[in-house]
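Chemist: Sequence below, structure please.
(one chain, ligands or ions: 2)
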Amino acid sequence: MKILVTGGAGYIGSHTCVELLKENYDVVVLDNFSNSCEESLNRVQKITDKKLSFYKADLLDPPSIDHVFEDHKIDAVIHFAGLKAVGESVSIPLKYYHNNLTGTFNLLSAMDKYTVKNLVFSSSATVYGDPASFPITEKFPLSATNPYGRSKLVIEEVLQDLYKSDKDWNIALLRYFNPVGAHESGEIGEDPQGLPNNLMPYISQVAVGLLPRLKVFGKDYNTPDGTGVRDYIHVTDLALGHIQTLPKLLSNPGVVIYNLGTGNGFSVLEMIKGLEKASGQKISYQITDRRPGDIAACFADATKAKKELGWEATKSLDDMCKDTWNWQKKNPQGYRKPAGEQ
Ligand code: NAD
Ligand code: WQD
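Modeler: Numbering: from 1, shown residues only. Ligands and ions are numbered 1, 2, ... in the order given. You can find the predicted model right below:
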């Protein structure tokens, strides 16, 4: 069975490629490397001792997508490719809408043309906006608070329309909570370009000495310790959620929607403590004002994925922190080689 992975060189994509190869799927990656590099794919092949095919191609360039479908008989597509920085999406919304929406429309047109109608789409818990209660089930009302989130919401709606028009499509909308951690080998992990936007890469760059201190965005939330609470999920658990979704897709379910989270919430201070324990380093931090747009808490009801896919997250907070640290320590500059090394 051959799977096309768009954005397969990225953070979640590369971890999913590892698990796909381990399960003996044939893997074809399409990525423009706008937020990743070829080295992650070299390491995926090193970890698994298996080969994948890859194309440096842009979803904004339809002929290059055709090229991939002409070369390979694809059975299903896992679509990770997209821009994902919330703050940047507020400053340059058109770029986000163009890349995420037009890129997805081009992919869907190619899938239609080559009669490949099985799709797993990377959605996000951000589509729940500012939820009224917790845990969040898939039935909660949806809303967007920024252009990035709106791009996910619009794509979800487009995919529902597509299925209404043609019942041959099978589409899984996977709503991820907060992916963290890295492959246990320390070979692949999250490699933010510039200053990290997200909590865990920021903390681990403080721990390794690249950044002086973390700003904790607010300590006056209505949460047990006053800092924001999120449902952090180990990226390998998340990758395995995609593997468990593929057989479901092939059973012709139409459109299915699953939360991929652990169901547990941890605060910013708990994450700091977790990384201090894993690294043996003191993490310097200061409490600052809330970050505009942040919500107090967010965690999943993930029982639907357990019931229907047989999937649940198994890795603990200690695993998330240990693997984050292992990756950061082994690759202080991410995939970039240290100065002096060729
Ligand atoms: P990432 O940036 O590491 O990976 C995305 C990949 O897509 C990158 O390799 C990038 O080069 C590629 N890409 C972007 N635009 C492209 C285009 N036009 N053509 C070809 N390739 C393109 O991000 P990630 O964290 O691995 O996220 C993967 C997906 O999951 C994204 O769709 C993201 O929105 C979604 N998601 C991520 C999170 C998170 O916190 N990381 C949470 C929820 C949902
Ligand atoms: C987590 C907690 C911050 C950084 C974002 C997107 C969401 C999804 C996942 C894609 C919050 C606090 C953070 C820092 C801090 N992405 N924090 N200091 O905001 O839950 O979700 O990534 O779909 O759409 O919005 O994740 O890691 O940025 O923040 O105190 O330097 O850490 O306030 O409570 P978030 P995050």
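
Chemist: Check the burial of the residue in the chain positioned nearest to ligand 1 by counting its neighbours.
Modeler: Minimum separation of the chain from ligand 1 (Cβ to the nearest ligand atom) falls at residue 10, amounting to 2.0 Å. Where you see a C-beta, it was placed from the backbone N, CA and C, and this is true even at glycine. For residue 10, the neighbour count with other Cβ atoms under 10 Å is 27.

Chemist: which ones are touching it?
Modeler: Listed by Cβ atoms under 8 Å, 6 or more residues apart in numbering, the contact set of residue 10 reads 31, 35, 36, 40, 80, 81.

Chemist: Can you tell me which residues in the stretch 151-300 of the chain are near ligand 1?
Modeler: By the rule Cβ under 6 Å from any ligand atom, the part of the stretch 151-300 of the chain lying against ligand 1 is 176, 179.

Chemist: same thing but at 8 Å, please
Modeler: When proximity is defined as Cβ under 8 Å from any ligand atom, the stretch 151-300 of the chain approaches ligand 1 at 152, 175, 176, 177, 178, 179, 190, 191, 198.

Chemist: Quick check: pLDDT value at the residue at minimal distance from the centre of the chain.
Modeler: Among the residues of the chain, the one closest to the centroid is residue 12, at 4.6 Å (Cα atoms, centre = their mean). At residue 12, the pLDDT value in this model is 99.

Chemist: which residues touch it?
Modeler: With Cβ under 8 Å, 6+ apart, residue 12 has these contacts: 80, 122, 176, 179, 235, 238, 239.

Chemist: need those residues in a markdown table with secondary structure, can you?
Modeler: Converted to a markdown table, the contacts of residue 12 look like this (DSSP: H, G, I helix; E, B strand; the rest coil):
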| residue | secondary structure |
| --- | --- |
| 80 | coil |
| 122 | strand |
| 176 | strand |
| 179 | strand |
| 235 | helix |
| 238 | helix |
| 239 | helix |
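
Chemist: Quickly name whichever of those residues is closest to residue 161.
Modeler: The closest of the contacts of residue 12 to residue 161 turns out to be residue 122 (Cβ to Cβ; 18.6 Å).

Chemist: Now do the same for residue 272: helix, strand or coil?
Modeler: Here residue 272 is helix, with the state taken from three-state DSSP.

Chemist: Next up, the contacts around it.
Modeler: Applying Cβ under 8 Å, 6+ apart, the residues near residue 272 are 203, 214, 216, 283, 285.

Chemist: if we go to 6 Å?
Modeler: residue 283 (Cβ atoms under 6 Å, 6 or more residues apart in numbering).

Chemist: Give me every residue in the stretch 1-150 of the chain lying close to ligand 2.
Modeler: When proximity is defined as Cβ under 8 Å from any ligand atom, the stretch 1-150 of the chain approaches ligand 2 at 84, 86, 124, 125, 126, 146, 148, 149.

Chemist: In strands, which of these fall?
Modeler: residue 124 (DSSP state E).

Chemist: could you flag which of the residues of the stretch 1-150 of the chain next to ligand 2 are buried?
Modeler: Among these, those classed as buried by 16 or more other Cβ atoms under 10 Å are 84, 86, 124, 125, 126, 146, 148, 149.

Chemist: quick one: pLDDT of the first one?
Modeler: According to the per-residue confidence, residue 84 scores 98 in pLDDT.

Chemist: quick one, phi psi at it?
Modeler: phi -130, psi 0 (degrees, to the nearest 10).

Chemist: In space, what's closest to it - neighbours in sequence excluded?
Modeler: residue 148 (6.5 Å; Cβ to Cβ, 6 or more residues apart in numbering).

Chemist: Looks like the one you found contacts residue 85 (just checking).
Modeler: No - counting by Cβ atoms under 6 Å, residue 148 does not reach residue 85; the two are 7.1 Å apart.
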